[in-house]
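[1] turn this into a model:
(one chain, ligands or ions: 1)
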Amino acid sequence: MTLQQDSLRATSSIQDSPVNQKISAREQMEALNPEAKKLQFWIRTQKNAPAQEPWFSPVGADDSGKLASGQVAKNQLKALPYRWRWSDYRPYLDKISQISARADVAPVEFADRQSIVLMNPGLTERIQVTNTIRCSISIYNPGDIAPAHVHSPNASRTILTDNGGYTNIEGERCEARRGDVILTPNGTWHDHGNDGVEPVIWIDTLDWPLMEYLDCAWVDQDYQRTFGTAEKIQPVKYVDGYSQKLYSNGGLRPTFVSHQRGFSQKLTPLFHYSGVEIRNALITLKDEAGDPYEGISMELVNPVNGESVFPTLRYGAQLLRPSEATRFKRETSSSYFVVIQGEGYTEINGQKFDWEPNDVIAIPNFLWRRHVNTSGGDAILYTVSDATLMRNIGQYRAQGKDLEGTVIQLDL
Ligand SMILES: [Fe+2]
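    Numbers count the residues shown, from 1 in each chain. I've put the predicted structure just below:
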């Protein structure tokens, strides 16, 4: 029997039934669906639970909410807490570096980058660590370059090796040193390279999955056509430290330069956040009480307006003092953090993830989490979250637990 016949049978059996005789509504409606599918609609024949229980209400032993059901479950993206250990991924970077050094065709030629791309196990094989964030970890051998390009996703590099690489953004050459965060906002031309003597490693962070969802992810690799040049990399117009010199004078904003760099909106003109300066700022404040949920925490901000560096992502750095344990907190935003210094563990939804330098850990939204520093010294974590996006669309909320375990609403 054809689908059309099936559908016709269903409708005709309604007409054939005596008006006072009950019919199986679900069966009758389901029989219409094969035809309806061809017309790109679905006749609702089942309950569709939303993807989450109310995230702020405990739902039994597992506070994570539950998966959707019915038709809406088919496309649900539900990230899981996960840890990528430096001791696990570093050997692969070394192998890539060794292969590249003797390559017939450089990996950067056939794969665009030499990197591993992190995949959250809850998101099947999507190359993303949360619903909105992609992370890859790149290695550049001495002499490697990534030609100039520009793209719609906002991006950054968090530098893991001591020194040696660079990123040129809109003509400003930023030397990469451990703990630095170098931003390449949406709409800024940039190229990368390593003119040192050792391989360099950094984490690339992008809001790429969000742009993909919006069908707005694009990359323009054609620097030569755009600027009518034979070069694949940008000339250096500003030396290392240029944007820091302009914008790092505590509360003073220069008025003789345009803050528009690149061709997008809402982008920070400060491209280079120094790891040394971030660390010094945290240490200077370490005798303050701090935040019971975050320790001594700071946000990397756009110095022109004090807002997040990107309209989508929030970049934070926090210091946990020796033996400090934060209280439990949960947010509507998702994040990942990388360990810059120290050892400890993070509990996420009852799971314990111990960590050491360069480990990367994903914290999906809604899950209770707390950090514990087990080092004898300070621990420093860098977090990237989509809290800024959630705030900008009016969806950011957070809760904490006080010392008695009572749930309280946190700052909006
Ligand atoms: Fe890029």
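[2] switch to C-alpha atoms for all contacts and neighbour counts from now on
    Noted.
[3] what's the closest non-adjacent residue to A387?
    Take A387 and drop its neighbours on the chain: the residue closest to it by CA to CA, 6 or more residues apart in numbering is S333, 4.9 Å away.
[4] so what's the one you found up against?
    Contact analysis of S333 by CA atoms under 8 Å, 6 or more residues apart in numbering lists P364, N365, F366, S385, D386, A387, M390, Y396, R397.
[5] isn't A176 right up against L160?
    No: using CA atoms under 8 Å as the test, A176 is too far from L160 to be in contact (9.1 Å).
[6] who's more crowded, the two?
    Taking other CA atoms under 10 Å, A176 and L160 do not tie; A176 has more neighbours (30 against 23).
[7] quick one: the more buried one is in a strand?
    Yes: counting by DSSP: H, G, I helix; E, B strand; the rest coil, one finds A176 located in a strand.
[8] for I393, phi and psi?
    I393 adopts backbone torsions of phi -110, psi 10, taken as degrees, to the nearest 10.
[9] how much space separates it from D386?
    11 Å (CA to CA, to the nearest Å).
[10] okay, these two: which has more neighbours?
    D386 (27 against 10).
[11] what score does the more buried one have for pLDDT?
    The model reports D386 with a pLDDT of 98.
[12] then the one 5 residues further on?
    In this model, R391 is scored at 96, pLDDT.
[13] check G60 too.
    Confidence at G60, expressed as pLDDT, is 44.
[14] what of E324?
    pLDDT, E324: 98.
[15] wait, what's in contact with it?
    G295, V372, N373, T374.
[16] try it again at 7 Å.
    By CA atoms under 7 Å, 6 or more residues apart in numbering, the contact list for E324 reads V372, N373.
[17] mind listing the helices for the stretch 101-250 of the chain?
    107-111, 208-213, 223-227, 242-247 (DSSP state H, counting those that start in this stretch).
[18] closest to T132 out of the ones you listed?
    Of all those, it is helix 208-213 that lies closest to T132, at 4.8 Å by CA to CA.
[19] contact partners of that closest one?
    Taking CA under 7 Å, 6+ apart as the rule, helix 208-213 contacts Q128, N131, T132, I133, R134, P153, A217.
[20] pretty sure the first one contacts N120?
    Spelled out, it's Q128. Yes: taking CA atoms under 7 Å as the definition, Q128 is a contact partner of N120 at 6.2 Å.
[21] and T226, how many residues sit next to it?
    Residue neighbour count, defined by other CA under 10 Å, stands at 9 for T226.
[22] then F328?
    23.
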